[in-house]
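Colleague: could you work out the structure for the sequence below:
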Amino acid sequence: MALTKEHKEAVLKKHQRSALDTGSPEVQVALLSARILELTEHFKVHKKDVHSMRGLEFAVNRRRKLLDYLKKNDSARYESLIADLKLRK
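Modeller: Next up is the predicted model:
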């Protein structure tokens, strides 16, 4: 259920701010969003998987905190990120 190496590298390349960037909020939010999408597909088949549901809730809450941080510190980067990831807010 983890992201494949190729998928993770593609997400990194798309959202990196520099060549060695792996920890910026944009990259972290993009990776969490990919993981959340993967888990939602998992739950369409495995409705009673409570343990993975806890991991999904953790990922959603962490993404929300990172987005709040980004919005507070750099609203232009926040706006471009949510437009790029097609998030609601």
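Colleague: ranges for the helices of this protein?
Modeller: Remark: helices assigned in the chain by DSSP state H are 5-15, 25-45, 50-73, 75-85.
Colleague: how far away is the nearest residue to Arg35 once chain neighbours are set aside from Ala19?
Modeller: Once flanking residues are discounted, Arg35 sits nearest to Ala59: 5.4 Å by CB to CB, 6 or more residues apart in numbering. Heads up, the C-betas are built off the backbone N, CA and C, glycines and all. Distance of Ala59 to Ala19, given as CB to CB, to the nearest Å: 26 Å.
Colleague: ok, the two, which is more surrounded?
Modeller: Ala59 (18 against 6; other CB atoms under 10 Å).
Colleague: relative to Arg88, how far out is the residue in the chain sticking out farthest from the centre?
Modeller: In terms of distance from the mean C-alpha position of the chain, Lys48 ranks first, at 23.3 Å (CA atoms, centre = their mean). Per CB to CB, Lys48 is found 27 Å from Arg88.
Colleague: just Ala76 next, same as before
Modeller: Ala76 is 19 Å from Arg88, by CB to CB.
Colleague: more crowded one of these two?
Modeller: Ranked by neighbour count (other CB under 10 Å), Ala76 and Arg88 place Ala76 first, with 8 against 4.
Colleague: who's in contact with the more buried one?
Modeller: By CB atoms under 8 Å, 6 or more residues apart in numbering, no residues touch Ala76.
Colleague: use 11 as the first number from now on
Modeller: Will do, 11 is the new start, and the previous item becomes Ala86.
Colleague: what pLDDT is listed against it?
Modeller: Ala86 carries a pLDDT value of 95.
Colleague: same check, this time on Met11
Modeller: Reading off the model, Met11 has pLDDT 63.
Colleague: before we move on, what about the one 3 residues further on?
Modeller: Turning to Thr14, the model gives it a pLDDT of 91.
Colleague: for it, give its distance to Ser90.
Modeller: Distance of Thr14 to Ser90, given as CB to CB: 26 Å.
Colleague: looking at those two, which is more packed in?
Modeller: Neighbour totals were compared for Thr14 and Ser90, and Ser90 leads with 12 against 9 (other CB under 10 Å).
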